[in-house]
Every structure is written in C-alpha cells, then in structure tokens.
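# here are the coordinates; sequence isn't available:
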C-alpha cells in the first residue's frame, strides 16, 4: 500500500470514528431507553419473534426459515444502501451503533413475510399475489405511519413507490433463491 493510500484510509477511519461517536451521542440524547420511540423499536423487534415461535409450521421450519433469512439479508442490504446514500434514515434506534432499523430488518419484515409465505404454501395460494399485497401494505401503509410518527424519514426524492419497488425486489429474490434451494434438496431424493 502506498503512503498516499494509507493516509487516505487513515483519514476515512478517523471520519468513520467521528461519525460513530456522533451517532452514539445523538442516541444518548434523543433515542435512549427513556424515550417511547426506543420502546416501540424494542416491541417491533421482540413481538414478531414471539409470534413466529408460536405460529411457524414446524414441519416446514427450515424452508420457511430459509425464506425468512433471505428476506432479512436482502432487506438489510437495501436498507443499508438507502441509509448509506442518504435516501432515508431512522431517527430512533433500538441499537445505536447500527445505521439501519434492526427491528424492521431482523424481525418485523422477515417474520411477516415468512408468515404470509407459509400461509400461501399451506393453503395453495398464489405467492406473488399475496406477497405483492404485503409489499403494498409495507410501502403505502406501514412506512407512512412510521413517517407520521417520525420513526422513518425519506430524503433526496425518495418516495413510497420506490420503497414498494424495493420490497418487490426483496420478495422476488427471496422466493427465487428459496425455490432454487428447495429444488436442489428435492433433486437429491
């Protein structure tokens, strides 16, 4: 590594450290455990996981879980991209050192996707129809409620339709990858 490159990298690390410290300071002042927004985030994190524990079809737990993990990963990537490029942000966080909404990324969105996916499997319903409806709900009902409560903010021309497209990408990638792995598993029998 050249000296110039190392100096540039050191400068970026310094900026990153300052930014992390600023976010921690922000959290201590505005998003701490004494705020109702913190507890809403905790509920959004914990409650869906409890519901999932009782409602998951245990005979299909790996299948449904793999699908949910896909949703989690893709939602996390898209959410990180949006926050990183300043398209949106979360003014209140349960976990201060993560730039994303961990409650949404790791719990609410994947669990609801999993339960709707499970329902379509168990009732032989059209996955694409019902999960598109769920994407519409998340983009045009949940996110506006979050905006109204100041739990989510959009910037740089971001809008609910763009969020809907992001949810569709998550839905499609998660389904296609899960279907491919289920096919691989069945082909060995």
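Arrived safely, thanks for sending. Small disclaimer: the values here were computed from a predicted structure and weren't measured.
# would you confirm that residue 120 contacts residue 128?
No - taking contacts as CB atoms under 8 Å, residue 120 lies outside contact range of residue 128: 9.0 Å. Just so you know, the C-beta spots here come from the backbone N, C-alpha and C atoms, and that holds for glycine as well.
# distance between the lowest-mean-pLDDT helix or strand in the chain and the chain's centre?
Within the chain, confidence by mean pLDDT, DSSP states H and E is lowest for helix 102-103 among all helices and strands, at a mean of 88. Taking CA atoms, centre = their mean, to the nearest Å, the mean C-alpha location of helix 102-103 is offset from the chain mean by 7 Å.
# which secondary structure elements does it contact?
Applying 3 or more CB pairs under 8 Å, 6 or more residues apart in numbering; DSSP states H and E, we find helix 102-103 packed against helix 36-55.
# what does the helix or strand that comes right after the helix it packs on contact?
Under the assignment DSSP states H and E, the closest C-terminal helix or strand after helix 36-55 is helix 61-84. Residues from elsewhere that reach helix 61-84, judged by CB atoms under 8 Å, 6 or more residues apart in numbering: 56-57, 87-90, 99-101, 104-106, 109-111, 113-114, 117-118, 121, 158, 166, 169-171, 173-175, 177-178, 181-182.
# ok and helix 61-84 relative to helix 36-55, angle-wise?
Helix 61-84 and helix 36-55 are oriented at 160 degrees to each other (axes from the mean of the first three to the mean of the last three CA atoms, to 10 degrees).
# parallel or antiparallel, which strands does the next helix or strand along the chain from helix 61-84 pair with?
For helix 61-84, the succeeding helix or strand toward the C-terminus, using DSSP H and E, is strand 88-89. If you go by DSSP bridges, strand 88-89 pairs up with strand 153-154 (antiparallel).
# give me the contacts around the partner strand.
87, 88, 89, 90, 91, 147, 163.
# more neighbours: residue 120 and residue 128, which one.
A side-by-side neighbour count of residue 120 and residue 128, using other CB atoms under 10 Å, places residue 120 first with 17 against 13.
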